[in-house]
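*Asks:* from the sequence below, what's the structure:
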Amino acid sequence: MRFLLGAAEAGFFPGIILYMRRWFPANARARAVAWFMTANPLAGIIGSPVSGALLGLSGRGLSGWQWMFLMEGVPAIFLGVTVFWALTDNPREAGWLKGEERAWLLERLALEQQVESSLRKENLWQVLISPRIWLLSMVYFGVSTTMYGVTLWLPSVIRSLSGLSYFLTGLVSALPFVVTAVAMVLVGMRSDRKAERRWHTAMPAFVGAAALVGAGYGISTVVVVACIGLGLVCAESMVGPFWAMATSRMAGLSAAAGIAVINSLANLGGYFGPDIVGFFRKTSGGFRGGLLAIAATLALSGGTALIVGREPAGERTGLDQADPRG
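*Replies:* Numbers count the residues shown, from 1 in each chain. Predicted coordinates:
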């Protein structure tokens, strides 16, 4: 069933990133992606205590975890139907945009499309063997590994160290997500304002890796939770600048294929992150080994970002340059 869930989700995130390219100019894309991705920490803020409460339910032949899956699946079904009717494909079709706003946005996007038309178009097979796509996948692999590894194990870490109830564990688990939601927007805004992507992707990776090492060697509950939370904050803060960097030299159908390949390969971190923590916990009885493994992966992600984000001579597109009108 987890595989089927992944198959159903597979096209969603690449589709969203491609959709945003149709709506947001390049110099606003990092903060746009960051705002969208705040859904992750906000879901953690709401979902952690709710999930903790639902785990305590039982009745009608179902355990608490079964009630949790049932109750948390309903909003996705409802929103899926709603979005089908609520979203328009492009700004030209949006009735809620004012005339001047629509004209400016369409003009800006048209100018960027002219620049993109000069970029190299690649077919699917060229995308699959592109070194840049594989390097970008390595960067996002570190993000995915940290997000899934930390998010799924954070409640267990807190509960094992503190002995709190499920509900209180859920409340404490929600705290890092509050900071994450704010930090990722601020990093995305600064990346757009500075028109800089490499270091805005790499620095959070390095800081997050150091924080996870601190968590691995922490001796108090507060230090461990704070460091794990900082690692999560940093990993999620990479997302906006990363996707702005990754899509800056993509065009046409190769953009759709490139985004899908990066997301697909990187999402293997969703398997690696939780499993590596679980492996070390089983063999050593603690979380240190898993946290250090995730820290190493995140540090590698940051180093790779510095390599792949470097603009080759003569290939600057100008898409990220600040626009005086916004």
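*Asks:* any weak-confidence spans in the stretch 201-326 of the chain?
*Replies:* Across the stretch 201-326 of the chain, residues meeting the criterion (pLDDT under 70) sit at 250-254, 285, 311-326.
*Asks:* please enumerate the helices of it.
*Replies:* Secondary structure of the stretch 201-326 of the chain, counting by DSSP state H, counting those that start in this stretch: helices at 221-237, 239-246, 252-266, 269-284, 288-308.
*Asks:* list of residues touching the shortest one?
*Replies:* Yep, that's helix 239-246 we're talking about. Helix 239-246 is contacted by residues 17, 26, 29-34, 37, 136, 139-140, 143, 184-185, 187-188, 191-192, 196-198, 200-201, 258-259, 262, 305, 308-309, 320 when judged by CB atoms under 8 Å, 6 or more residues apart in numbering. From N, CA and C alone the C-beta is placed, and that goes for glycine too.
*Asks:* what residues are up against V172?
*Replies:* So V172 contacts 158, 162, 164, 225 (CB under 8 Å, 6+ apart).
*Asks:* again, only this time at 7 Å
*Replies:* The contact partners of V172, by CB atoms under 7 Å, 6 or more residues apart in numbering, come to 158, 164, 225.
*Asks:* out of those, who's the most crowded?
*Replies:* Of all the contacts of V172, I158 has the most neighbours under the rule other CB atoms under 10 Å, reaching 23 neighbours.
*Asks:* pLDDT (mean, whole number) over the one helix or strand W65 maps to?
*Replies:* Per DSSP states H and E, W65 falls inside helix 64-86. Confidence over helix 64-86 (mean pLDDT, whole number) is 84.
*Asks:* with stretch 32-45 instead?
*Replies:* Mean pLDDT, stretch 32-45: 82.
*Asks:* ok, now stretch 13-24?
*Replies:* According to the model, stretch 13-24 has a mean pLDDT of 83.
*Asks:* neighbours of G56, how many?
*Replies:* G56 has 12 nearby residues by other CB under 10 Å.
*Asks:* which elements pack onto the helix holding W65?
*Replies:* helix 39-55 (3 or more CB pairs under 7 Å, 6 or more residues apart in numbering; DSSP states H and E).
*Asks:* now the helix it packs on, how far from the chain's geometric center?
*Replies:* Taking the mean of its C-alpha atoms, helix 39-55 sits 17 Å from the chain's own mean (CA atoms, centre = their mean, to the nearest Å).
*Asks:* so where's the stretch 51-200 of the chain uncertain?
*Replies:* By pLDDT under 70, the low-scoring segments of the stretch 51-200 of the chain are 115-124, 161, 166.
*Asks:* all the helices of it, residue numbers only.
*Replies:* So, for the stretch 51-200 of the chain - with DSSP H, counting those that start in this stretch - the helices run 64-86, 99-116, 124-128, 131-162, 166-194, 198-216.
*Asks:* select, out of those, the one closest to A266.
*Replies:* A266 sits nearest to helix 131-162 of all those, at 3.5 Å, using CB to CB.
*Asks:* T82: how many residues sit nearby?
*Replies:* 10.
*Asks:* can we start the residue count at 530 from this point?
*Replies:* All right, first residue 530 from here; so that's T611.
*Asks:* ok, now how distant is the residue nearest to P554 when sequence neighbours are not counted from P543?
*Replies:* For P554, ignoring the flanking residues on the chain, the nearest one in space by CB to CB, 6 or more residues apart in numbering is R637 at 4.9 Å. Distance from R637 to P543, counting by CB to CB, to the nearest Å: 23 Å.
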